[in-house]
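1. got a sequence here, can you model it:
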Amino acid sequence: MLFSSPILVASGTFGYAAEMDGLIDFKRIGGIIPKTVTLQMRAGNPPPRTVETASGLLNSIGLDNDGMDEFLEQKLPYLKTLGTKIIVSVAVENIDECPVIGEKLQSAVGIDAVELNVSCPNVSGGVDFAADAKLCEMIVTKMRQSLSLPLIVKLSPNVWNIGEIAKAAESGGADAVSAVNTCLALAVDWRSRRPRLGNGFGGLSGPAIKPIALRCVRHVFQAVRIPVIGIGGIATIDDIMEFFVTGASAVQIGTANFYNPQTMMQILDALPQALNEIGAKSVSEIVGTLEL
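-> Below you'll find the predicted structure:
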């Protein structure tokens, strides 16, 4: 699948896009990935759900959403009008949900691709699918059987060998992988001796995790033949150029959207000059050119 721009919106940081109407030009970005949807409605985790940390944001949302049918009926019609690719992020609680979700997505009009979130650290079972290569391949295979749309698998940094997990996703039929989701972390209030999140542990995102994300992208790039989409702490033109040379063919911008909704527009404006600076005419010329 080709994007008009290598800059996409990371799931969970953009709502269902209506929240950003008037703040950015949707047609300039490569695609929007709305917040993750599950087959059935989820209430999510108890509050507090977010807390700021040094150079990052810790969250424990717990995939709060109204379920697949509500998304397709109430959210997708608006998303289809935005003039960019719509990539639906989905998570499953068990492998038996794959064909049900796959068939619903396949029959819907206006979906350009699917991102299978096997890596959310705030949900029971979420990390298990991303931490075990056999389970990952099994669930991707099952989803692929009922889905002909392009399939992206979102990987977790909370694993020993992310390259092995990426290869499993590729073997299962993934068309691309995105790396990485948030890093499992903890914030505490020492006075009350309690976690600062209602669910205890959460997922860390933002600038603090960029070096981890870059390491993961490099390992994944070396392990698979399918495209890699980089995610993690991206906020500037320098950040995305680092991801491109490390091995990402596209990037997703997430946490930066919260504090500067213009981030993507600013990066897009700066991209031609950055490419020109190193004598490149396109992003594809520099993908994976890191000398390491």
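
2. going along the chain, name the helices of this protein.
-> In the chain, the helices defined using DSSP state H lie at 68-70, 76-79, 97-107, 126-131, 133-145, 162-172, 210-223, 237-246, 256-259, 263-277.

3. so where is the stretch 101-250 of the chain shaky, pLDDT-wise?
-> 121-127 (pLDDT under 70).

4. one step back: nearest to Gly198, of the helices of the chain?
-> When those are compared by CB to CB, helix 126-131 sits nearest Gly198, at 17.2 Å. Placement of C-beta: from N, CA and C, glycine included.

5. quick one on the thing from earlier: of all the helices of the chain, which one comes closest to Pro34?
-> Comparing the helices of the chain by CB to CB, helix 76-79 comes nearest, at 6.6 Å.

6. pull out the buried residues from the closest one.
-> By neighbour count on 16 or more other CB atoms under 10 Å, the buried set for helix 76-79 is Leu76, Leu79.

7. picking up where we left off before, export the helices of the chain to TSV and tack on distance to Gly62?
-> Listed next are those as TSV, based on distance: least, CB to CB, whole Å:
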stretch	distance to Gly62
helix 68-70	17
helix 76-79	22
helix 97-107	17
helix 126-131	10
helix 133-145	20
helix 162-172	23
helix 210-223	22
helix 237-246	28
helix 256-259	18
helix 263-277	26
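
8. and of those, who's closest to Arg49?
-> Closest approach to Arg49 among the helices of the chain is made by helix 256-259 (13.1 Å; CB to CB).

9. so Gly206 makes contact with Leu57?
-> Yes: in this structure, Gly206 is within contact of Leu57 by CB atoms under 8 Å, at 5.0 Å.

10. joint contacts of the two?
-> By CB atoms under 8 Å, 6 or more residues apart in numbering, Gly206 and Leu57 have these common neighbours: Thr255.

11. follow-up on the earlier one: Asn45 is nearest to which of the helices of the chain?
-> Of the helices of the chain, nearest to Asn45 by CB to CB is helix 126-131, at 11.8 Å.

12. picking that back up, of all the helices of the chain, which lies closest to Lys27?
-> Of all the helices of the chain, helix 263-277 comes closest under CB to CB, at 11.1 Å.

13. now do that closest one, average pLDDT.
-> Regarding helix 263-277, the rounded mean pLDDT is 98.

14. and it, what other elements does it pack with?
-> The helices and strands touching helix 263-277, judged by 3 or more CB pairs under 8 Å, 6 or more residues apart in numbering; DSSP states H and E, are strand 7-9, helix 237-246, strand 250-253, helix 256-259.

15. could you rerun that using 6 Å?
-> Counting contacts by 3 or more CB pairs under 6 Å, 6 or more residues apart in numbering; DSSP states H and E, helix 263-277 is packed against helix 237-246.

16. ok, the residue located most distally from the centre of the chain to Gly233 distance?
-> Distance from the centre of the chain peaks at Arg191, with 34.8 Å (CA atoms, centre = their mean). Using CB to CB, to the nearest Å, one gets 30 Å for the distance from Arg191 to Gly233.

17. now swap in Phe243 and tell me
-> When distance is defined by CB to CB, Phe243 is 10 Å away from Gly233.

18. neighbour-wise, which of these two wins?
-> Phe243 (29 against 26; other CB atoms under 10 Å).

19. burial count for the residue nearest to the more buried one when sequence neighbours are not counted?
-> Nearest residue to Phe243, sequence neighbours excluded (CB to CB, 6 or more residues apart in numbering): Gly230, at 3.7 Å. Per other CB under 10 Å, the neighbour tally for Gly230 reads 30.

20. if I pick Gly230, what's in contact with it?
-> Val217, Phe243, Ala248, Val251 (CB atoms under 6 Å, 6 or more residues apart in numbering).

21. what do you get for Lys80?
-> Gly110.

22. backbone torsions only: list them for it.
-> Dihedral angles of Lys80 (phi, psi; degrees, to the nearest 10) stand at phi -70, psi -20.

23. roughly how far apart are it and Arg49?
-> Going from Lys80 to Arg49 by CB to CB gives 29 Å.

24. ditto for Ser5
-> Separation of Ser5 from Arg49 (CB to CB) stands at 31 Å.

25. identify each buried residue in stretch 101-108, please.
-> In terms of neighbour count (16+ other CB under 10 Å), stretch 101-108 has its buried residues at Ile101, Gly102, Lys104, Leu105, Ala108.

26. who are the contact partners of the fourth one?
-> Residues near Leu105 by CB under 6 Å, 6+ apart: Ile111, Val114.

27. again, but for the second one
-> Taking CB under 6 Å, 6+ apart as the contact definition, Gly102 lies against Met143, Ser146, Leu147.
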